[in-house]
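**Q** give the three-dimensional model of this entry:
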Amino acid sequence: MGNLFDCLAWRGDLTFDRSPFGPVDGLILSTLSYVHFDALVSESLQEAPVPLGKAAEGYLSLPAARRGRCRCEDDLKLLRALADSPRFARLGLCCRTDRFVPKEETQFAALAFLLGDGSAFLAFRGTDGTLTGWKEDFNLSFQDVVPAQLEAAGYVQGFAEGFPGPLRLGGHSKGGNLAVAGAALSAMKIRDRIRSVWSFDGPGATPYLLSRPGYQELLTRIHSFVPRSSVVGLLLAHEEPYTVVESNQEGLFQHNPYSWQVLGPDFVRLEEVDAGSRLIDRTLKNWLAGLTNAQRETLVDTLYELLSNRNATTVKDALEPKNLAGALRSALDANPKDLLTVASSLARLAGAALRAL
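**A** Numbers count the residues shown, from 1 in each chain. Modelled structure (predicted):
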């Protein structure tokens with residue numbers, strides 16, 4: 001067994017005409033969507049696509065200060081491996097988009113890969129660690145559709161209007177949810193061109209999205225993968241079956257795509273998620289079922305307001321001791337009714353955990 005890097009070492013010399021596009025390829029491209037290519041890749045389909053190898057070398061040659069925020073060192077390692085891989089280096093990158101609008105509680109980014117066989121893979125970025133991205137994720141618990149999902153549908157629509165070939169969509173974490181939403185909310189003539197949708201430990205869908213004709217129509221083309229101790233990937237609801245993947249990490253660290261185990265062209269597949277994952281799944285779903293939409297909204301909004309105090313913009317910033325202290329001081333000035341809702345909601349979470357044991 002190995003991970004994504006081992007897979008590239010074993011099979012990176014096999015072009016797609018020798019070994020067809022598969023789920024591990026989908027995870028690799030979905031993970032690459034976390035890289036901020038900015039000026040290196042065009043936002044338009046009308047401009048010439050940039051070979052992945054050239055974009056990777058261009059990004060790696062930039063001083064660290066000019067690259068923007070890097071999610072993790074493994075993303076840089078992945079770029080180096082892809083630049084040297086005949087399977088990936090010649091893929092065309094285009095239609096880069098990145099919208100971050102805190103006032104609208106929107107964090108959305110996507111990137112298109114031209115696969116060389118007349119088809120394209122649209123990769124949607126997952127949550128980027130900002131408080132805005134975190135807030136939008138939790139808005140899914142009480143909103144039918146969040147702005148990033150509408151952005152995803154608009155991105156698919158705009159790309160499909162200028163690209164006539166078959167489409168694949170995918171993403172990791174929230175990116176997987178956006179891939180499913182973008183496909184389900186697309187027009188019928190576009191859905192007919194979608195070969196597959198890949199969600200890698202992405203949260204499920206709201207009842208509204210599950211009921212859409214587009215979701216039901218695409219059900220057999222949606223492929224969901226979760227690690228054995230999945231938490232994120234089992235949130236909300238799934239009607240499509242999911243495949244369980246082995247990971248070399250434990251607990252929440254299995255959400256990291258670089259921990260997923262690969263053998264040959266496919267993941268190491270398991271029969272089901274582990275007992276801990278099932279326990280957390282029951283706990284969270286029982287807890288949410290006991291809250292009204294209004295209570296969920298108050299809980300999320302209040303926690304967001306407290307954590308974003310003192311100009312913290314990322315979850316890491318918000319959890320620093322000085323910012324947590326500021327959040328506690330702000331709680332003294334918060335609406336008592338809102339704080340009561342937060343306290344009672346968290347108490348219900350504790351009760352749901354005890355009942356799930």
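**Q** just give the nearest non-adjacent residue to Phe5, would you?
**A** Ala81 (6.0 Å; C-beta to C-beta, 6 or more residues apart in numbering). From N, CA and C alone the C-beta is placed, and that goes for glycine too.
**Q** per-residue confidence at the nearest residue to Val262 once chain neighbours are set aside?
**A** For Val262, ignoring the flanking residues on the chain, the nearest one in space by C-beta to C-beta, 6+ apart is Cys7 at 4.5 Å. Per-residue confidence (pLDDT) for Cys7: 92.
**Q** likewise Asn293?
**A** Reported pLDDT for Asn293: 72.
**Q** what does Ser308 give?
**A** 65.
**Q** hang on, the earlier thing: ok, the residue nearest to Val262 - contacts?
**A** Contacts of Cys7 were listed using C-beta atoms under 8 Å, 6 or more residues apart in numbering, and they are Val24, Ile28, Val262, Pro265.
**Q** distance check, it against Val24.
**A** 6 Å (C-beta to C-beta, to the nearest Å).
**Q** for these two, list the residues in contact with both.
**A** With C-beta under 8 Å, 6+ apart, Cys7 and Val24 have common neighbours Val262, Pro265.
**Q** go through the contacts of Cys7 and name the one nearest Ala160.
**A** Ile28 (23.0 Å; C-beta to C-beta).
**Q** tell me the mean pLDDT for whichever strand or helix holds that closest one?
**A** Element membership for Ile28 (DSSP states H and E) is helix 23-32. Taken as a whole, helix 23-32 carries a mean pLDDT of 96.
**Q** again, but for stretch 39-57
**A** pLDDT averaged over stretch 39-57 gives 93.
**Q** how far does it sit from the chain's center?
**A** Centroid displacement of stretch 39-57 relative to its chain, using C-alpha atoms, centre = their mean, to the nearest Å, is 22 Å.
**Q** repeat that for stretch 90-109.
**A** Offset of stretch 90-109 from its chain centre (C-alpha atoms, centre = their mean): 12 Å.
**Q** CA atoms of that stretch as CSV?
**A** Output of stretch 90-109 as CSV, limited to C-alpha atoms (Å, rounded to 0.1, in the frame of the first residue of the first chain):
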residue,chain,number,x,y,z
ARG,A,90,0.6,18.1,-20.1
LEU,A,91,-2.9,18.6,-18.8
GLY,A,92,-4.2,22.1,-19.6
LEU,A,93,-5.3,24.4,-16.7
CYS,A,94,-7.8,27.1,-17.3
CYS,A,95,-10.8,28.9,-15.9
ARG,A,96,-9.3,29.6,-12.5
THR,A,97,-11.8,31.4,-10.3
ASP,A,98,-11.5,32.5,-6.7
ARG,A,99,-14.2,34.5,-4.8
PHE,A,100,-13.8,35.4,-1.2
VAL,A,101,-16.5,37.8,0.1
PRO,A,102,-16.8,37.8,3.9
LYS,A,103,-19.8,40.1,3.9
GLU,A,104,-21.7,37.6,1.8
GLU,A,105,-20.2,34.7,3.8
THR,A,106,-18.9,33.2,0.5
GLN,A,107,-15.7,31.3,-0.1
PHE,A,108,-15.5,29.7,-3.5
ALA,A,109,-12.7,28.6,-5.9
